[in-house]
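Trainee: how does the following fold in three dimensions:
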Amino acid sequence: MFCSRWMAAAPRTSRRVLALGLVAAVAGFSGLAQAQQQGAPIRLLVGFPAGAGTDAIARTLGEKLKDQLGAPVVVENRAGAGGQIAAQALKAAPADGHTLLLSHDHTISILPQVVKNPGYNSASDFVPVAGFATFANVLAVSGGTPAKNLDEYLKWVRTQRGGKDTIGVPAPASIPEFLVKMIGTKYKIDVQAAPYRGSAPMTADMLGNQISAGIASVPDFIENHRAGKLRIVATIGAKRQALLPQVPTFTELGFANLEDLPYYGVFAPVGTPQPVIDRFGEALAKVLAMPEVKQKLTTMGLTVAYEPQGQFAGRVRSYTQTWAGIIKASGFTPQ
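Mentor: This next block holds a predicted model:
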């Protein structure tokens, strides 16, 4: 109504320019939507190898999203450098809604703070589409140690290892590595992070008792914890994890600033039309409401909760700022 009255009152030239602009905008979005509806594939970039936790999550969602969007959703693994390669691919992709990135916090919030030239700027090159889950990083001890909890692990390190130990982490300059430093500082023990190329080889070494402890996400450890092959002894977060009600949080144990949980979400290249972002977000919300999808993701160790664009963008900003303070306080120099 407002638009019609404004056009009626505006000069003829202005009305013509505005009308052409509206037609172009509608045509542009209609073209995108029509292309998706007619089956043009949507690439869902994943920065980790096939079979890894993030890949399994992407394939679970992609299978259902194709029905909601009326187009194939192709999971494309661009593994390497903690998701850096996939993020660079997203930056280079056309902002047409046909290339998206499914990622957790490390690629978006942490890498740009610990790498001098990551090849992208999360804040200016990407736009959050929607969030769909949070999870916890946890400390676990291997079956080769007698420890059943963190106190017993610390006692074992002091008495059996001379106050020294190595704790595995899935990637260098990651949140798990900063947690290792915090553990060493708080408990005055000499623990060093051993960076791996992903959680899978690290977990394998833990199962083989090559290292006595490791820090990764709940999805990385939960099955071996349930089988008694590893023991999760502490988690981040403001409250205990539903899958681990007996395991205390680092906050309970006296650590500060570890309440914000890592996130999972979907991102698009900056400039992607808002109607296209909204359409994907609505489709994702419908998929997450499916009991079988929620159950599968929950079993993987995720806390499933849809967050629309604005809410998710706020989470990303807050989380990034929290870890910016922790990283700075650690004295870490970007490599």
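Trainee: what helix or strand is residue 220 on?
Mentor: Assigning secondary structure by DSSP states H and E places residue 220 in helix 218-226.
Trainee: centre of the chain to that helix, how far?
Mentor: Here helix 218-226 shows a centroid-to-chain-centroid distance of 17 Å under the convention C-alpha atoms, centre = their mean, to the nearest Å.
Trainee: how far does the next helix or strand after it sit from its chain's centre?
Mentor: Towards the C-terminus, the helix or strand next in line after helix 218-226, according to DSSP H and E, is strand 230-235. Chain-centre distance of strand 230-235: 21 Å, with C-alpha atoms, centre = their mean.
Trainee: with stretch 52-67 instead?
Mentor: When C-alpha coordinates are averaged (C-alpha atoms, centre = their mean), stretch 52-67 and its chain have centres 14 Å apart.
Trainee: again, but for stretch 73-89
Mentor: Taking the mean of its C-alpha atoms, stretch 73-89 sits 13 Å from the chain's own mean (C-alpha atoms, centre = their mean).
Trainee: buried sites along that stretch?
Mentor: For stretch 73-89, burial by neighbour count (16 or more other C-beta atoms under 10 Å) applies to 73, 75, 77-79, 81-89. (C-beta placed from N, C-alpha, C; glycine too.)
Trainee: show residues contacting it.
Mentor: Residues lying outside stretch 73-89 but in contact with it, judged by C-beta atoms under 8 Å, 6 or more residues apart in numbering, are 41-50, 52, 55, 58-59, 61-63, 65-66, 99, 101, 103-104, 106-108, 111, 115, 118-120, 122, 126, 171, 174.
Trainee: which helix or strand contains residue 240?
Mentor: Per DSSP H and E, residue 240 falls between elements, in no helix or strand.
Trainee: next, give phi and psi for the nearest residue to residue 184 once chain neighbours are set aside.
Mentor: Residue nearest to residue 184 in three dimensions, not counting chain neighbours: residue 191, with 4.4 Å by C-beta to C-beta, 6 or more residues apart in numbering. For residue 191, the backbone dihedrals (degrees, to the nearest 10) come out as phi -110, psi 130.
Trainee: sheet partners, orientation included, of the longest strand seen in the chain?
Mentor: The longest strand of the chain (DSSP state E) is strand 126-134. According to DSSP bridges, strand 126-134 forms sheet pairs with strand 263-269 (antiparallel), strand 303-307 (antiparallel).
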